[in-house]
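> Structure for the following, please:
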Amino acid sequence: EGYKVVAVCRKPDVAESTAQGLPGSGHQGVAMDMNNIDDTSLANLKAAAKNPKIFINNAGILFEQWEPKAYKDSMNINVFSPIKLTEEFLPLMENGGVIVQVSSGPMGQLRNLSSNYRQKIEKAQTLDEVRAIPFEESDSQMKSTYASPYMLSKAMLNKATQILGTRPEVEQKNLGVVAVCPGWCQTDMGNSVGSAPRSPEQGAESILWAALHPQPKTCNAGFFQDGNKIGW
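Below is the predicted model:
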């Protein structure tokens, strides 16, 4: 309540209907393909959002198999686009604002990856090093692990969150760049892989805890679920 929401969706009609379906007035919908963010859609988003107090990167895609296209699309949608949008909007954020990266606790934690990819992520110190992590088809553990492109992408997003939290704008504007796990929720994606135990409302509450935190700087570069800090 009291916020103007800019809803970003791949399809223009879905973006507009989502915005119109929210309570209150002044909300807008912006179409953007997170697999390939173009200059026009980015400019439209900046014009609509201006200087946001809250920015939530919620786009996500899940592939079951370890193969090149699944890797490429997972990286573009789950990692590279949230990084790009965070970099673009950090200088525009209102003082005391927060950027929330919607991640995954159990699936995005380093312990679930092969030692090969775990080491690559742990060694990455810059966003360029995160972006440069390659697809290695021969990694036997990743090949045999369910939804491994999704797992890796969320672990990479978590690492990027830690790095983005060190940007000078964060300190200058008292911002928080935070990763949040909403849990396994009854969404289209969540239900596609089984019977999800959490409602969308429960997942949203976990995200809103960070988004509405009175002092977001205190949770900067952290990873949380339901207000509780969890391990990377």
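> rest of the way, CA atoms for contacts and neighbours
Will do.
> list the contacts for Ile77?
Counting by C-alpha atoms under 8 Å, 6 or more residues apart in numbering, Ile77 touches 34-35, 59-61.
> would you say it is within a strand?
No. Under DSSP: H, G, I helix; E, B strand; the rest coil, Ile77 falls outside any strand and is assigned helix.
> what's the span of stretch 30-45 from first residue to last?
Terminal residues of stretch 30-45 lie 6 Å apart, using C-alpha to C-alpha, to the nearest Å.
> From the contacts of Ile77, list the buried ones, please.
34-35, 59-60 (16 or more other C-alpha atoms under 10 Å).
> Tabulate those in JSON lines, adding columns for distance to Leu92.
Shown next, in JSON lines, are the buried ones among the contacts of Ile77 (distance: C-alpha to C-alpha, whole Å):
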{"residue": "Met34", "distance to Leu92": "20"}
{"residue": "Asn35", "distance to Leu92": "23"}
{"residue": "Ala59", "distance to Leu92": "21"}
{"residue": "Gly60", "distance to Leu92": "24"}
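> From those residues, pick the one nearest Thr18.
The closest of the buried ones among the contacts of Ile77 to Thr18 turns out to be Ala59 (C-alpha to C-alpha; 14.7 Å).
> By mean pLDDT, which helix or strand of the protein comes out lowest?
helix 188-191 (a mean of 58; mean pLDDT, DSSP states H and E).
> List just the nearest of the buried ones among the contacts of Ile77 to Ala204.
Nearest to Ala204 out of those is Ala59 (C-alpha to C-alpha; 13.7 Å).
> tell me the mean pLDDT for stretch 101-113?
Mean pLDDT, computed over stretch 101-113, is 92.
> in the one helix or strand Ala19 maps to, what's buried?
Here Ala19, judged by DSSP states H and E, is contained in helix 12-20. By neighbour count with 16+ other C-alpha under 10 Å, helix 12-20 contains the buried residues 14-16, 18-20.
> just stretch 47-61 next, same as before
Under the neighbour-count criterion of 16+ other C-alpha under 10 Å, stretch 47-61 has 48-49, 51-57, 59-60 buried.
> Just the ones of the residues you listed in strands?
Those of the buried residues of stretch 47-61 mapping onto strands are 54-57, per DSSP state E.
> Now render these as TSV, adding distance to Arg131 and pLDDT.
Shown next, in TSV, are those (distance: C-alpha to C-alpha, whole Å; pLDDT from 0 to 100):
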residue	distance to Arg131	pLDDT
Ile54	25	97
Phe55	21	98
Ile56	20	97
Asn57	17	96
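> related to what we said a few turns ago, redo the contacts of Ile77 as JSON lines? Include distance to Ile99 and pLDDT.
Listed next are the contacts of Ile77 as JSON lines, based on distance: C-alpha to C-alpha, whole Å; pLDDT from 0 to 100:
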{"residue": "Met34", "distance to Ile99": "17", "pLDDT": "96"}
{"residue": "Asn35", "distance to Ile99": "20", "pLDDT": "95"}
{"residue": "Ala59", "distance to Ile99": "14", "pLDDT": "90"}
{"residue": "Gly60", "distance to Ile99": "16", "pLDDT": "91"}
{"residue": "Ile61", "distance to Ile99": "20", "pLDDT": "94"}
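> Ala179: how many residues sit nearby?
By other C-alpha atoms under 10 Å, the residues close to Ala179 number 34.
> about what we covered before: turn the buried residues of helix 12-20 into TSV, including pLDDT and distance to Gln202.
Output for the buried residues of helix 12-20, formatted as TSV (pLDDT from 0 to 100; distance: C-alpha to C-alpha, whole Å):
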residue	pLDDT	distance to Gln202
Val14	95	23
Ala15	95	23
Glu16	95	24
Thr18	94	19
Ala19	95	21
Gln20	94	23
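> Many thanks, have a good one.
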